[in-house]
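Colleague: Sequence first, then the predicted structure:
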Amino acid sequence: MDQPNYITPAGYAALSAEYRQLLGEERPKLVDVISWAAGNGDRSENGDYIYGRKRLREIDRRLAWLARRMKAAKVIDPAAQPDRHRVFFGATVTIADEDDAERVLTIVGDDETETGSGRIGWGAPLARALRGAAVGDVRRVILPGGEKEYEVIAIAYPATERFASTD
């Protein structure tokens with residue numbers, strides 16, 4: 001990878017949790033099933049063995065992918081963004097199109113994308129177009145459905161947490 005994998009702390013925790021669950025729980029159980037199935041004789045017609053080996057390869061591929069993504073991860077806390085007047089990673093942006101239809105989007109890491117809930121990846125065309133925009137800026141983006149213009153209506157970042165000192 002030539003670019004860092006920008007990700008929020010919550011996104012990194014989700015990748016890490018999936019990695020731990022696959023490596024620590026699902027894979028060992030599957031290895032036990034495969035070992036048991038291998039001891040039952042003819043492996044060519046043994047469904048538990050055949051399915052188990054196939055599933056084990058899938059898990060190993062997913063573990064390798066997760067490991068690469070976590071290694072390349074650059075965790076950025078949106079709450080620590082110093083310039084809150086422009087759109088950067090982690091911003092929640094309200095935009096309006098030419099028809100004054102408003103959308104609220106949060107720019108997150110590409111591994112955290114959930115388009116249905118308004119979470120778009122940092123590398124998405126709309127996110128790239130909005131980078132660095134301020135309230136009132138109009139940005140043009142080329143989408144699969146054609147070219148559209150969006151005006152930035154509002155920009156918000158998560159509140160910074162302040163912990164009281166217990167000294």
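Modeller: Yep, that arrived.
Colleague: now the residue lying farthest from the centre of the chain: how far from residue 109?
Modeller: Most distant residue from the mean C-alpha position of the chain: residue 41, 43.4 Å away (CA atoms, centre = their mean). As for residue 41, its distance to residue 109 is 48 Å (criterion: CB to CB, to the nearest Å). C-beta here means a position set from N, CA and C on the backbone, and glycine is covered the same way.
Colleague: Tell me, domain by domain, which residues of the chain belong where.
Modeller: Taking automatic domain parsing as the reference, the chain has its domains at 5-73, 78-156.
Colleague: distance between the first one and the chain's centre?
Modeller: What separates the centre of domain 5-73 from the centre of its chain is 19 Å, taken as CA atoms, centre = their mean, to the nearest Å.
Colleague: What strands flank the longest strand seen in the chain, and is each parallel or antiparallel?
Modeller: When secondary structure is assigned using DSSP state E, the longest strand within the chain turns out to be strand 146-156. Using DSSP bridges, strand 146-156 pairs in its sheet with strand 92-96 (antiparallel), strand 138-143 (antiparallel).
Colleague: Out of those, flag the one nearest residue 19.
Modeller: strand 92-96 (27.7 Å; CB to CB).
Colleague: List the buried residues in the closest one.
Modeller: 92-93, 95-96 (16 or more other CB atoms under 10 Å).
Colleague: Just the buried positions in stretch 132-141, please.
Modeller: Applying 16+ other CB under 10 Å to stretch 132-141 flags 133, 139, 141 as buried.
Colleague: give me the low-pLDDT residue ranges for this protein?
Modeller: Within the chain, the stretches with pLDDT under 70 are 1-3, 160-167.
Colleague: Cool, thanks, talk later.
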